[in-house]
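Visitor: sequence isn't available, so here's the structure alone:
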């Protein structure tokens, strides 16, 4: 799929390997997730448009480049997406934040919404949806549905791991949404977990079971 970018930067791949390791502590997992998110944010924002502005350096005036247009919106899918949010805000601290609360029903694997809150003027902003895992794709599709219902037209999706099944599901429902991921794993378990994966990202981020 030409809409999918695998971020194969050596630092991303190295940190992802550390993140997958089951011996990683909660603190270590959280820190690595934040670091990878910062690196991936660098890639997903690579083509942002720039305007020329006039500034004064300590020595003279000059023309220089700054981001043009409205600010970004980061849209983490609760709760695991919050583990990537801070790393992205480190890079773009002026970005606004939308929150999308979804959980996956254990038997049907259908995404169930319990919370949604977004900044105004979504149609004028680039929205970057965030979730560590793109497994079945049902949660991602539901999140993208809600963002579009609230007017978002320019949306990108960032995850740490994906499967071909999840990518195909998102592409079928939202073919215009580009996806950035650090890796595409082999398969899904019977319970919808990515294999080999890294376990439950939310539990590992927050020390829960």
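Guide: Received it, and whenever you're ready, just let me know what you need. Keep in mind it's a predicted model, so treat the numbers as computed, not measured.
Visitor: partner strands of the biggest strand by length in the chain, with direction?
Guide: Longest strand of the chain, by residue count under DSSP state E: strand 154-163. Paired neighbours of strand 154-163 in the sheet (DSSP bridges): strand 126-130 (parallel), strand 133-134 (parallel), strand 178-185 (parallel).
Visitor: highest mean neighbour count out of these?
Guide: strand 133-134 (a mean of 26; mean count of other Cβ atoms under 10 Å). Every C-beta, even on glycine, is put in place using the N, C-alpha and C of the backbone.
Visitor: now the strands: where do they sit in the protein?
Guide: Taking DSSP E as the criterion, the chain carries its strands at 4-6, 50-56, 61-67, 73-78, 96-97, 99-104, 111-117, 126-130, 133-134, 154-163, 178-185, 187-188, 194-195.
Visitor: which of the ones you listed sits most buried?
Guide: Highest mean neighbour count among the strands of the chain (mean count of other Cβ under 10 Å): strand 133-134, with a mean of 26.
Visitor: what is the rounded mean pLDDT of that strand?
Guide: Mean per-residue pLDDT for strand 133-134: 96.
Visitor: what's the closest of the strands of the chain to residue 145?
Guide: strand 111-117 (9.3 Å; Cβ to Cβ).
Visitor: show me the contacts for the residue most central in space within the chain.
Guide: The centroid of the chain falls nearest to residue 130 when counting by Cα atoms, centre = their mean (2.5 Å). Each residue near residue 130 by Cβ atoms under 8 Å, 6 or more residues apart in numbering is listed here: 37, 74-77, 81, 84-85, 88, 157-159.
Visitor: ok, now with 6 Å
Guide: Taking Cβ atoms under 6 Å, 6 or more residues apart in numbering, we find residue 130 in contact with 76, 81, 84, 158.
Visitor: just confirm the second one contacts residue 131, I think it does.
Guide: Yes. Shown here, residue 81 and residue 131 form a contact pair, counting by Cβ atoms under 6 Å, at 4.8 Å.
Visitor: can you report how many residues lie near the closest residue to residue 95 other than its chain neighbours?
Guide: Distances taken as Cβ to Cβ, 6 or more residues apart in numbering place residue 72 nearest to residue 95, at 4.2 Å, with adjacent residues excluded. Neighbour count of residue 72, defined by other Cβ atoms under 10 Å: 24.
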